[in-house]
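Participant: Just a sequence and a predicted model for now, questions to come.
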Amino acid sequence: MNKSWQLGLLALSIFIGIAFPALAAICKPFLLPLIFLLFLSAILQVSFGDAAQAAFKDRSSWITLVWQIVVLPLLFYVCLKPFLSEQLHTFAVISMCTGAITATTALARLFNLNSALSLVVGMAGAVLMPIPLYFFLQILIGTEAAIDLSVYSLRIGVFIILPFLVVFFLRKIITPQADEWIKQCMPSAVLILLMFFGLSVMDGVGDMMSSDPMKLLSFVLLAFGISIGVQLLSYFVLLFLGARDATTAALLCSYRNMGLVAAIAGSSLGDDFFIFLGVWQLPMYILPLVFRRFYEGRRVL
């Protein structure tokens, strides 16, 4: 199956959960196992050597990380406060306080971008995200959302450390040829996992479509506005890193893992946050298809 069909099916899958809410409800209990498999698949796509090179010798990784979880949340807090309601402003700011979705590594490989950069920034962002999240929720925004660090530490162990250990021992027992074959297969496998993940987070979106369509529309506009705006802003600000790394950074800064926010502080953000979490997936599932030519046009620049 070629890239266009893969990306097209990915974009289509997110609407299935809206059209068939019963199916979304069935898939919802599989959310955490799917997150684990997505982290595992991200690590499987990059050699440890390439990841170490990106982590310790490539300035692009740390510049992107600082831009992602320090600068962008500050910009959103200051610049969007006069224009958004309190709820939308809260959702917008915290969307910039988390790391990138693990699927950015698969997208980077699919578009021949910097997958090692994607893996390093994605994992580092997942580990460091409690710092900006706590700062903005507790101090600047003034909500009473609590971050349960014990739960978060457990999930770091399950979703990041354990997948690294699994891949480490797997690579000890398989041949380099088998490892390379797995790397080549992973982007397609991730897209399949994302289809089920999309279904698992769309529970409740269909109900709001009938009960409060204007609120749902505001969530959709906010999600797409953030995704497109952050990609463009990140690309042009970080263009000094080179077009290929700047494009990779644009993906990392835009496609954020709001599921981790839900796992840590979602219950204290209200029921609407979980609806926004579902809506948040829409641009991440649709824009890779729409922006495919843009991504691929910068892979060798």
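Facilitator: On my side now, so go ahead. Residues are numbered from 1 along each chain as shown.
Participant: Show the backbone phi and psi for Val46.
Facilitator: For Val46, the backbone dihedrals are phi -130, psi 130 (criterion: degrees, to the nearest 10).
Participant: mind listing what it touches?
Facilitator: Contacts of Val46 were listed using CB atoms under 8 Å, 6 or more residues apart in numbering, and they are Thr105, Ser115, Ala116, Leu119, Lys183. Backbone N, C-alpha and C define where each C-beta goes, glycine included.
Participant: Can you tell me the element the first one falls in?
Facilitator: It refers to Thr105. helix 103-110 (DSSP states H and E).
Participant: helix or strand right after that helix?
Facilitator: Note on helix 103-110: by DSSP H and E, the next helix or strand toward the C-terminus is helix 115-128.
Participant: quick check: angle from that next one to helix 103-110?
Facilitator: Angle, helix 115-128 to helix 103-110, by axes from the mean of the first three to the mean of the last three CA atoms, to 10 degrees: 180 degrees.
Participant: Quick check: mean pLDDT of helix 115-128?
Facilitator: Confidence over helix 115-128 (mean pLDDT, whole number) is 87.
Participant: list the buried ones in that helix?
Facilitator: Buried positions in helix 115-128, judged by neighbour count with 16 or more other CB atoms under 10 Å: 115-126, 128.
Participant: between the residues you listed, which is closest to Pro82?
Facilitator: For those, the residue nearest Pro82 by CB to CB is Gly125; the value is 27.7 Å.
Participant: Tell me how far the closest one lies from Phe169.
Facilitator: Gly125 sits 25 Å away from Phe169, going by CB to CB, to the nearest Å.
Participant: residues contacting the most centrally placed residue in the chain?
Facilitator: Nearest residue to the geometric centre of the chain (CA atoms, centre = their mean): Ile101, 2.2 Å. By CB under 8 Å, 6+ apart, Ile101 lies in contact with Leu38, Gly122, Tyr255, Arg256, Asn257, Met284.
Participant: Columns secondary structure and distance to Gly297 on top of those residues, output as TSV?
Facilitator: Compiled in TSV, the contacts of Ile101 are given as follows (DSSP: H, G, I helix; E, B strand; the rest coil; distance: CB to CB, whole Å):
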residue	secondary structure	distance to Gly297
Leu38	helix	27
Gly122	helix	23
Tyr255	coil	19
Arg256	strand	24
Asn257	coil	26
Met284	helix	20
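Participant: Whichever of those residues end up buried, select them in ChimeraX.
Facilitator: Command for ChimeraX, covering only those of the contacts of Ile101 found buried under the criterion 16+ other CB under 10 Å:
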select :38,122,255,256,257,284
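Participant: Can you lay out the contacts of Ile101 as JSON lines showing distance to Cys27?
Facilitator: JSON lines is the format used below for these (distance: CB to CB, whole Å):
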{"residue": "Leu38", "distance to Cys27": "14"}
{"residue": "Gly122", "distance to Cys27": "23"}
{"residue": "Tyr255", "distance to Cys27": "20"}
{"residue": "Arg256", "distance to Cys27": "21"}
{"residue": "Asn257", "distance to Cys27": "18"}
{"residue": "Met284", "distance to Cys27": "17"}
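Participant: from the contacts of Ile101, which is closest to Lys57?
Facilitator: Nearest to Lys57 among the contacts of Ile101, with distances taken as CB to CB, is Gly122, at 18.0 Å.
Participant: Spell out the residue ranges of the strands in the stretch 201-301 of the chain.
Facilitator: For the stretch 201-301 of the chain, no strands are identified by DSSP state E, counting those that start in this stretch.
Participant: so where's it uncertain?
Facilitator: Applying pLDDT under 70 to the stretch 201-301 of the chain flags residues 204, 206, 263-268, 298-301.
Participant: For it, which segments count as helices?
Facilitator: With DSSP state H, counting those that start in this stretch as the criterion, the stretch 201-301 of the chain has helices at 205-211, 213-237, 243-254, 258-265, 271-290, 292-296.
Participant: any idea which helix or strand comes after the helix or strand hosting Leu162?
Facilitator: According to DSSP H and E, Leu162 maps onto helix 162-173. On the C-terminal side of helix 162-173, the nearest following helix or strand under DSSP H and E is helix 176-200.
Participant: now Ala243: how far from Leu154?
Facilitator: With distances taken as CB to CB, Ala243 is found 40 Å from Leu154.
Participant: go on, Gly278?
Facilitator: As judged by CB to CB, Gly278 and Leu154 stand 25 Å apart.
Participant: So which of the two has more stuff around it?
Facilitator: More crowded of Gly278 and Leu154, by other CB atoms under 10 Å: Gly278, with 26 against 11.
Participant: Gly229: neighbour count?
Facilitator: 12.
Participant: any idea how far it is from Leu221?
Facilitator: Applying CB to CB to Gly229 and Leu221 gives a distance of 11 Å.
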